[in-house]
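*Asks:* only geometry, no sequence info:
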């Protein structure tokens, strides 16, 4: 842990780790509620992802700025207050921008407060690093989260409504798979993605092992 | 725990809370007009859509005493949205209706046209029915056609509808006040009917006598386009 | 509601199975004496408990009935020479259980008259319990039903407990086996004599002989031999496997359940096998040792015209028996004991011991033809094993745990140690899962773990 | 003397002559008359339906065998059962491509991900059916009249819908084939939404609308009895299930005889008989213990009635069985058999 | 305006048809995290539903206050603070009143603060404009639904722990597919309590 503290360099990995290696959804399984609840269309997924990213970055910034002032006894309480502040802000901003998106996401915007990713980032990264670095890291995490949401949203919307970002893809006669926009679809699509990644991983390991045999 | 750290804790918490309070209030104030405008626009859109031929709308509230008031935020009572054409003729009023469907309430806005004493349009504004089946109440053309001209006459006593609005099974509509249900989505259809009936029974007898007043408000006050 | 139902089912235990019994081939054949083999292999541990200690040396001449290994403590019985001959070797020899065991190898004098020259005749009725128990131990008796538990230990009532009933187990529920059936038919007087001695030793007031209803003739023979004032009754019970397990028999006869983890004596009952008591009735007055026993020799899908019940000297190698029967050694499986709980042999040089009730030769499995007989399928959770287990265990659940090596949980959560390996679960399993084998392994691993701790 | 033929195997050395493929094969035999009757009733559309679902199930099973580098498990017949059962629960005119989706989904997410036969927790056929019920709610509630003329030479128009496309409206076609009294609704739906009770005799003999293989309760009962007699099915599951249905619907009927149907109607309508005989009694998803079986049967029976009477769906047996499957591990855990010799009141676990 | 939904409908809807976990995706973290074993799932479910009830009541009165003073924009921040304090309070009371129960539930209580089912419950009851009794029914239904889902999941996972799973489907993917199938099964409850 102390190593992380001393290493102030910002590398590409600071940004990238959130996208792939420590992807909050596919690898760490954090913040599952919004992942499944609002991904029945790509546009909702995108909005949710961006809102979360916004809260991630701003709260990381604030936590990082105050990291030396906050006594450790009350740090969690402080983080929660900070996060709740930005969530409220983002809630109002979305309402001001588009009533439709606000209606679609409903209470799930406010539930960003209890998204473990944000508190986790605050605790693990922002409270130990300088503002810029923690913001870069938070941006990576946020992007990773958004991408994951999109992965689900795109599949669920294409199959479940026959459209993408609201644009019909297959014409009138397409039979949508309603189950995909229903709750079971959320579970099954995420499960499917995880299976797919796991399969990729085992295949990679197998091919590596096979190479090891032929070359070694 | 030393008093120094407690002081620091209180100070930090206080500072953070103050800061967040400041931020929230700032944003709240900054976005408030936009949000209210958004809400108004979306209602207006619905009202103009549901009242055919209307180009301008106006929001009234009927309070507990049965008085018609112009809506001000925070006011309690029954919402009435009036729709006028360009020349200020009252084309109809839009009223909210709500009833319980399969998986939660189905909220609607419907238009009442004084000219024919009937309901001439309906829009579901919130529902959580099963996609593909229950939500046919929005998508099914035959079902929506029910509301082209659905009788909603107030009775002679002026305290209820002459004929209650009911949903009947698909293909069994005989009277102008009946709604032809969607086969396979009977409950959702019934929810719509129940919502309409409940609201119309309560609201229309109050609104009908006030119609001239509502019409007159356009000329005196002017409604936003 | 089920409990209510249970009350109406007196005279039987719940669960269990109905295998094909195949007893016709041997149950009508009188007990005959088998020839002495040229060489006997006599293990020193033919019973549960401490092995006997050899007291003869290689090259020494031994006589039929002579003690060749003496009991090592109370939980042990002596071993007597089954035939007159010369000690060829005292060494580790193959055993039915697998590991090699210390055995005394005797080359039999073919010319010997094979008379029993040793003995300590007495009138048991005149002796006190302590002396009787010493004398029972001296006969080298161990339960002939299969478990080979030293008989004197079983008859000794632990301090603080009393026995009110002696139950005599004449069920012989294992398929194929008929040796106890024949003993009851042919030796009812010896059997009743043994029961009387056992009553005397244990102090029990009455004795009940429990016999399965497929052996009504045996029950009639025993009844006919009863003396008017004998406190002995004969009772028929349902034919069902494992009726011969003592807990099941007590449930059927008396409607009582032996507490889990406990022994029959905990509820004042002593159980002995008919074969054991019949032998005791013979040996105790003469003061002789146990040197031979009745063994059912038969097979499935094997041409064995001489199949039947034979009086076989202890230590006779299986190979010799098969030769005597005229059976080729080229067959799939040879089993010592019954088909449900007996052991299949890896070597034909294994000898008959005090606990061996049968020698079975199997050619092919008793199964429908043309099916894939050995394929094991995953458990389909049909619950048949649960319905079959006479101990009311959950074999399927334990098998899943065994599959993941959660052996400790099998014991702590699912009463693994109450399993007495009757084989009902494996018998009924449509997936051919070797459940009993899993449980044996689990028990062994658990024992080892405890030993380490 | 050679001993190389000796097989070493631990006791017991005898075996009851019944194994998994034999049981499964007999279930298939028991299903065949039901399939035959369904084909007689609805014609070649149902035949095609059975073939498509069975092939989809077998193909998916084989595919996952191949993926996992495992030997083929088709010979245990379990996927065949899944395919046939699935077809029997679908409407006769169900688009074939959707039926294939149901078969694939049933085996893939209902069985293969858990490791194949024996390890699945839900009945695969029902998983497939529930999946398409949620995916294509309209198509799966579109019924076709039985015994229409020309059923052996032409398909129901919706059967041959192109993949991924919406099935055409069948209302006009139904009028063309003109079967008297066909209303396009199942007896259950009629009862639920319009309180019209169907003649019980029609229910027993299958002259009503409904899924392909669920319409003749009597035939299903007889085929189920075959398995019971051959001791290849746990008769206690359907028995307790019927008890659950009769008790629950009996109570409801007594409370309000006008609105709630009587127990006999409940028992013989819809897919209850098929579900009870062939799906609830599926060994893999049902509890092991005798008391567990009782709880399971009663649970499914009462849930079916509750869903039928109070839920939004007219048919509840499928979901009730799936919920019963889901509860099976819990039921098992709470109904461990009482160890022989354990104190009667003592907790068994 | 309030909500017209009946109390029984609210209860059954939150309990079964729109089960908090399986249809609303609330409380997924503990659902996936703590459902591995039955003996941890039971106390976790009980603790969560207890806190749900407490915070639902708190949130109801808090919202009345906020509306009274016209400061709804502080709703989120005050809810989260109140819930966190409520959890603390429950923890302390439990410790004093019933140490046995505390030992059973203790380790789960801190986890509950960040359980979105709690905050979700408070927010949804506010959005749906439930009155006090409706809120109570909602909280009870949601709690019962959470326990039910957790128990079913734990039972299934305990059983699948003993299965020979394909290597790819171990872990989270399997839990999600199980969740999906449960969710599919729970669709059968649709409309229960309606009418």
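*Replies:* That came in fine, so what should we check first? Model, not experiment: these values are computed from the prediction.
*Asks:* Stretch A:10-21: which residues count as buried?
*Replies:* A:10, A:14-15, A:17-19 (16 or more other CB atoms under 10 Å in any protein chain shown). Where C-beta positions appear, they are placed from N, C-alpha and C, glycine not excepted.
*Asks:* okay if I get those residues as JSON lines plus distance to residue C:135?
*Replies:* Output for the buried residues of stretch A:10-21, formatted as JSON lines (distance: CB to CB, whole Å):
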{"residue": "A:10", "distance to residue C:135": "94"}
{"residue": "A:14", "distance to residue C:135": "90"}
{"residue": "A:15", "distance to residue C:135": "92"}
{"residue": "A:17", "distance to residue C:135": "84"}
{"residue": "A:18", "distance to residue C:135": "86"}
{"residue": "A:19", "distance to residue C:135": "87"}
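*Asks:* Could you say which helix or strand holds the residue nearest in space to the middle of chain E?
*Replies:* Of all residues in chain E, the one closest to the mean position by CA atoms, centre = their mean is residue E:117, 4.4 Å from it. Here residue E:117 is covered by helix E:116-127, with elements defined by DSSP states H and E.
*Asks:* Is there a neighbour count for residue C:266? I'd like the number.
*Replies:* 13 (other CB atoms under 10 Å in any protein chain shown).
*Asks:* does any part of the helix holding residue E:117 sit near chain A?
*Replies:* Yes - counting by CB under 8 Å from any CB of the partner chain, chain A has neighbours in helix E:116-127: E:116, E:118-120, E:123-124, E:127.
*Asks:* Also stretch D:164-179?
*Replies:* Yes - for stretch D:164-179, a contact with chain A is found by CB under 8 Å from any CB, at D:164-167.
*Asks:* Okay, and residue 135 sits in which element?
*Replies:* No chain in the question, so chain A it is. helix A:131-161.
*Asks:* hmm, I had chain E in mind actually
*Replies:* Applying DSSP H and E, one finds residue E:135 within helix E:132-161.
*Asks:* next structured bit after that helix?
*Replies:* Downstream of helix E:132-161 (by DSSP H and E), the next one is helix E:172-186.
*Asks:* how much space between the nearest residue to residue D:120 once chain neighbours are set aside and residue D:87?
*Replies:* In space, residue D:120 comes closest to residue D:111 once its chain neighbours are excluded; the distance is 4.3 Å by CB to CB, 6 or more residues apart in numbering or on different chains. With distances taken as CB to CB, to the nearest Å, residue D:111 is found 17 Å from residue D:87.
*Asks:* Please say which of the two ends up with more neighbours.
*Replies:* residue D:87 (32 against 29).
*Asks:* what about that one, distance to residue D:128?
*Replies:* From residue D:87 to residue D:128 the distance is 10 Å (CB to CB).
*Asks:* can you check residue C:414 too?
*Replies:* For residue C:414, the distance to residue D:128 - CB to CB - is 34 Å.
*Asks:* Could you check which of those two has the larger neighbour count?
*Replies:* residue D:128 (33 against 22).
*Asks:* I am assuming that one contacts residue D:86, so please confirm or correct that.
*Replies:* Yes - using CB atoms under 8 Å as the test, residue D:128 is close enough to residue D:86 to be in contact (5.1 Å).
*Asks:* Which neighbours do these two have in common?
*Replies:* D:53, D:57, D:102-103, D:106 (CB atoms under 8 Å, 6 or more residues apart in numbering or on different chains).
*Asks:* Let me see the contact set for residue 25.
*Replies:* Using chain A. A:31-32, A:35, A:144-145, A:148-149, A:190.
*Asks:* Oops, wrong one, chain E.
*Replies:* So residue E:25 contacts A:32-37, A:183, A:186 (CB under 8 Å, 6+ apart).
*Asks:* One more pass at 7 Å, please.
*Replies:* A:33, A:36-37, A:183, A:186 (CB atoms under 7 Å, 6 or more residues apart in numbering or on different chains).
*Asks:* What of residue A:45?
*Replies:* Neighbours of residue A:45 in contact, by CB under 7 Å, 6+ apart: A:38-39, A:149-150, A:152-153.
*Asks:* Filter those down to the buried ones.
*Replies:* Buried among the contacts of residue A:45 (16+ other CB under 10 Å): A:38-39, A:149-150, A:152-153.
*Asks:* number of nearby residues for the residue in chain E positioned nearest to chain D?
*Replies:* At 2.2 Å from chain D, residue E:188 is the closest residue in chain E, using CB to the nearest CB. Residues lying near residue E:188 (other CB under 10 Å) number 28.
*Asks:* doesn't residue D:307 make contact with it?
*Replies:* Yes - with contact defined as CB atoms under 7 Å, residue E:188 and residue D:307 form a contacting pair (5.5 Å).
*Asks:* Confirm that residue C:69 sits in a strand.
*Replies:* Yes - according to DSSP: H, G, I helix; E, B strand; the rest coil, residue C:69 belongs to a strand.
*Asks:* From residue D:330, how far out is the closest residue in space to it that isn't next to it in sequence?
*Replies:* The spatial neighbour of residue C:69 that comes closest, neighbours along the chain excluded (CB to CB, 6+ apart), is residue C:52 at 3.6 Å. Distance of residue C:52 to residue D:330, computed by CB to CB: 54 Å.
*Asks:* Could you pull up the mean pLDDT of stretch A:28-37?
*Replies:* Regarding stretch A:28-37, the rounded mean pLDDT is 81.
*Asks:* For residue 13, which residues are in contact?
*Replies:* Defaulting to chain A. Residue A:13 makes contact with no residue, according to CB under 7 Å, 6+ apart.
*Asks:* To clarify, I was referring to chain D.
*Replies:* By CB under 7 Å, 6+ apart, the residues touching residue D:13 are C:333, C:335, C:339, C:344, C:362.
*Asks:* which of those residues are close to chain B?
*Replies:* Among the contacts of residue D:13, none lies close to chain B by the criterion of CB under 7 Å from any CB of the partner chain.
*Asks:* I'd like those residues laid out as CSV, including pLDDT, neighbour count and distance to residue C:171.
*Replies:* As requested, the contacts of residue D:13 are arranged in CSV below (pLDDT from 0 to 100; neighbours: other CB atoms under 10 Å in any protein chain shown; distance: CB to CB, whole Å):
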residue, pLDDT, neighbour count, distance to residue C:171
C:333, 79, 21, 25
C:335, 88, 27, 19
C:339, 88, 27, 16
C:344, 83, 21, 23
C:362, 83, 22, 23
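*Asks:* any idea which of the residues you listed is the one closest to residue B:89?
*Replies:* Distance to residue B:89, by CB to CB, is smallest for residue C:339 among those, at 100.2 Å.
*Asks:* Now do the strand or helix carrying residue E:103: which elements does it pack against?
*Replies:* Assigned by DSSP H and E, residue E:103 belongs to helix E:99-105. Counting contacts by 3 or more CB pairs under 7 Å, 6 or more residues apart in numbering or on different chains; DSSP states H and E, helix E:99-105 packs against helix E:38-68, helix E:75-97.
*Asks:* quick one: average pLDDT of it?
*Replies:* 74.
*Asks:* And the closest residue to residue E:162 other than its chain neighbours, how close does it get to residue E:158?
*Replies:* Nearest non-adjacent residue to residue E:162, counting by CB to CB, 6+ apart: residue C:400, 3.7 Å away. As for residue C:400, its distance to residue E:158 is 10 Å (criterion: CB to CB).
*Asks:* before we move on, what about residue B:55?
*Replies:* 65 Å.
*Asks:* Pick out whichever of residue C:400 and residue E:158 has more residues nearby.
*Replies:* residue C:400 (23 against 19).
*Asks:* Check the gap between the nearest residue to residue C:67 once chain neighbours are set aside and residue D:273 for me.
*Replies:* Spatially, and ignoring its direct neighbours in sequence, residue C:67 is nearest to residue C:78 (5.0 Å; CB to CB, 6+ apart). Remark: distance between residue C:78 and residue D:273 (CB to CB) = 69 Å.
*Asks:* ok so, going back, tell me the contacts of the residue nearest to the centre of chain E?
*Replies:* For residue E:117, the contacting residues are E:20, E:26-27, E:48, E:52, E:142, E:146, by CB under 7 Å, 6+ apart.
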